[in-house]
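Novice: Pasting the sequence and the predicted model now:
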Amino acid sequence: MAKNTVLVSGGAGYIGSHVTVELIEAGYNVVVADNFSNCDATCFEGVKKITGKKIPFVEMDFCDAEAVNDLFAKYKIDAVIHFAAFKAVGESVEKPVLYYKNNLCSFLNVLDAASHHGGCNVLFSSSATVYGEAENLPVTEKTPRLPATSPYGNTKQICEDILRDTVKATNVNRSPEWAIKGIALRYFNPIGAHPSALIGELPRGVPNNLVPFITQTAIGKRECLSIFGNDYPTADGTCLRDYIDVVDLAKAHVAAVARMLEGRMEEDYEIFNIGTGRPVSVYELVSAFEKVNGLKLNYKYAPRRAGDVVAIWADTALANEKLGWKAERSVEDTLASAWAWEKHIAEMEAVKASSEE
Ligand code: WQD
């Protein structure tokens, strides 16, 4: 049987590169397209080393409607996984127009091209941010979305609604082969790296997220980790999150693509929480990192960070049942993989520096 082709937009990025590896290992043809605005070719080289495959790659901007259309004209795309978006919460507050323009235009171009090239299955990279400060925890897919606390989070809510409305329109007014089916995966906090340590998170500049800041502090790139707030109403005073291993997260994408391509969807548009269901505090994560990697981390307590929610974690029953997927990696193994990746980056930088001497 001919293999299905999956387009991964933003496939050279942190989550996109891990999903590309798992799709190839699951036997799909994969086309990757990225403009390298928030990553570099290093990740993509790692994907080729892990899979041993030459993967069709297109360097392009998804805000360029013509380029997106050409992509769908060139490849017979059975499913698209859309990662291409900016994702720094703090930066989105400072630069809202940049975020709305980039994150909305890129997704609209994908849906427009898909609907003009015979329909398609669309998997959207959403986020637990859409829940805001949920009153009842853990959150289920039925938990109401609260007003977003950042333009970044708002673009995720808006794109979910764009996908929902596009799916509805194309399944009512068109013949099935032109329809668009959609799944939104709401990630919690992706962390860690591939066990090979050949791909992982490569944040540009000072990391916004906790785990890359921890590993950069441990390797000596950062002087000290600030834990933003230890006066929250939690057991140890620090915020609670649902930290999900990036490889577990990638496998959830393969399960969702299979559900769409094998015709197992029960609705034309479906939403799934992708987390572990286990709340972990910042302090617990730091302590686990120190213990599993046998090191002492330099950290201090600092004032709360604006926009942070006290706690959020997932009810994952729906993904467990309908996708047949469950997070498997322990937070300790994930933190060990994050540290191995940081050390791999240091090795790559040392080799680069010595070759430039
Ligand atoms: C986690 C906890 C911080 C850094 C965001 C987006 C989400 C997703 C992941 C893209 C919080 C604390 C952090 C630091 C700290 N983004 N922290 N010191 O904000 O939960 O989620 O990133 O996919 O959509 O909303 O993640 O890692 O920034 O913070 O104490 O130097 O770590 O206060 O409690 P967050 P995070």
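Specialist: Perfect, thanks for sending it.
Novice: Pull the residues that contact the lowest-mean-pLDDT helix or strand in the chain.
Specialist: Across the helices and strands of the chain, mean pLDDT, DSSP states H and E gives its lowest value to helix 41-51, namely a mean of 87. Applying C-beta atoms under 8 Å, 6 or more residues apart in numbering, the contact partners of helix 41-51 are 11-14, 17, 20-21, 24-25, 32, 34, 54-55, 57, 194, 196, 198-200, 202, 348. All C-beta atoms are positioned from the backbone trio N, CA, C, and that covers glycine.
Novice: in this structure, which spans are helices?
Specialist: 14-25, 41-51, 65-74, 89-94, 96-116, 151-172, 210-219, 246-261, 282-293, 317-318, 331-356 (DSSP state H).
Novice: what about the shortest one, average pLDDT?
Specialist: This means helix 317-318. What helix 317-318 shows for mean pLDDT is 98.
Novice: In terms of secondary structure, what does it contact?
Specialist: Here helix 317-318 touches no other helix or strand, going by 3 or more C-beta pairs under 8 Å, 6 or more residues apart in numbering; DSSP states H and E.
Novice: So for K352, what pLDDT did the model give?
Specialist: pLDDT for K352: 88.
Novice: got TSV for the helices of the chain, with mean neighbour count too?
Specialist: Below are those laid out as TSV (neighbours: other C-beta atoms under 10 Å):
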stretch	mean neighbour count
helix 14-25	26
helix 41-51	18
helix 65-74	17
helix 89-94	16
helix 96-116	19
helix 151-172	19
helix 210-219	22
helix 246-261	23
helix 282-293	18
helix 317-318	14
helix 331-356	16
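Novice: For the ligand, find the nearest of the ones you listed.
Specialist: The ligand lies closest to helix 210-219 among those, at 3.6 Å (C-beta to the nearest ligand atom).
Novice: Contacts for the closest one, please.
Specialist: 189, 191-192, 201, 203, 206-207, 222-225, 243, 282, 285-286, 289, 293, 295, 297-299, 335, 338-339, 341-343, 345-346.
Novice: average pLDDT for stretch 167-176?
Specialist: 80.
Novice: Now find how far off-centre that stretch is within its chain.
Specialist: Stretch 167-176 sits 28 Å away from the centroid of its parent chain (C-alpha atoms, centre = their mean, to the nearest Å).
Novice: Write out the residues of the stretch 1-150 of the chain neighbouring the ligand.
Specialist: Residues of the stretch 1-150 of the chain lying close to the ligand (C-beta under 6 Å from any ligand atom) are K87, V89, S127, T129.
Novice: didn't the first one look like it was pressed against N38?
Specialist: Yes. Between K87 and N38 there is a contact at 7.5 Å, judged by C-beta atoms under 8 Å.
Novice: Compare these two and say which is more crowded by neighbours.
Specialist: When neighbours are counted by other C-beta atoms under 10 Å, K87 comes out ahead of the other of K87 and N38, with 22 against 19.
Novice: Please name the residues that touch that one.
Specialist: Going by C-beta under 8 Å, 6+ apart, the list of residues near K87 reads N38, Y152.
Novice: Next, work out how far apart it and A128 are.
Specialist: Applying C-beta to C-beta, to the nearest Å, the value for K87 to A128 is 13 Å.
Novice: sorry, back to before: please identify which of the residues of the stretch 1-150 of the chain next to the ligand is nearest to R329.
Specialist: Using C-beta to C-beta, S127 comes nearest to R329 of these, at 20.1 Å.
Novice: Quick check: that closest one touching Y187?
Specialist: Yes. If you go by C-beta under 8 Å, S127 and Y187 touch, sitting 5.6 Å apart.
Novice: Quick one: residues contacting the spatially closest residue to A134 that is not a sequence neighbour.
Specialist: Of all residues not flanking A134 in the chain, T143 sits nearest, at 5.5 Å (C-beta to C-beta, 6 or more residues apart in numbering). Residues near T143 by C-beta under 8 Å, 6+ apart: Y131, A134, N136.
Novice: Between these, which sits nearest R304?
Specialist: A134 (18.2 Å).
Novice: From what I see, the closest one and T149 are in contact.
Specialist: No. Look at A134 against T149 with C-beta under 8 Å: they stay out of range, at 11.8 Å.
Novice: shared neighbours, the two?
Specialist: Common neighbours of A134 and T149 (criterion: C-beta under 8 Å, 6+ apart): V309.
Novice: for this structure, which spans come out with low pLDDT?
Specialist: Within the chain, the set of residues satisfying pLDDT under 70 comprises 1-2, 173-174, 176-177.
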